[in-house]
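Engineer: Sharing a sequence plus its predicted fold:
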Amino acid sequence: MSRWRPPRPKSSPYITAEGYKTLELELKQLWDRRKHVTVALSAAAAEGDRSENAEYIYRKKELREIDRRIHYLQKRLPSLTVVSEKPGNRKQVFFGAWVTLETMDGEEVTYRIVGADEIDTSGGLISLDSPLAAALLKKNLDDEVVFHQGEQQNRYTIVAIKY
């Protein structure tokens, strides 16, 4: 059995203006944090034997993680398309919409369709690439949406759409 896995499909290059600002702020904070970690790393390296120096090993790992994230953000930010305009038809679901759904049990849930880099399921932010968002796109108010989650089939009714 091999460990090979097919590459993940590319995520959509769209992002909201708020999400873009958040990623820019994260990049700035990472550069600031990197300065502090490199100072701590050089102090730990000056202590002598690096093979048994836990502080040195920890700081090297932390620096590697920061550099990985900085590299990702520096490649990703220029390739993103910021969507800040609201669509002409506000009664239809498009990127950036807050959609309130009613389940068959009468329970209401609200989601916002955002880019793949700003997902936060606890905050109700779902990716444009997710199956639920794909089912919601271009639907109108009071439309019924069928969403398959594994073998389970969920039905929702669109109650409200806000931008």
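Structural biologist: Ah, there it is.
Engineer: which residues sit against stretch 148-163?
Structural biologist: Stretch 148-163 has contacts (C-beta atoms under 8 Å, 6 or more residues apart in numbering) with 86-87, 90-93, 96-104, 108, 110, 131, 136, 139-147. Where you see a C-beta, it was placed from the backbone N, CA and C, and this is true even at glycine.
Engineer: which of those residues are buried?
Structural biologist: Neighbour counting by 16 or more other C-beta atoms under 10 Å classes Gln92, Val93, Gly96, Ala97, Val99, Thr100, Leu101, Glu102, Leu136, Lys139, Val145, Phe147 among the contacts of stretch 148-163 as buried.
Engineer: show me what contacts the third one?
Structural biologist: Taking C-beta under 8 Å, 6+ apart, we find Gly96 in contact with Thr16, Val83, Lys86, Arg112, Ile113, Val114, Tyr163.
Engineer: switch the cut-off to 10 Å
Structural biologist: The contact partners of Gly96, by C-beta atoms under 10 Å, 6 or more residues apart in numbering, come to 14-19, 83-87, 112-115, 128, 162-163.
Engineer: Check the fifth one too.
Structural biologist: Going by C-beta under 10 Å, 6+ apart, Val99 touches 93, 109-113, 124, 126, 132-133, 136-137, 139, 141, 145, 156, 158-162.
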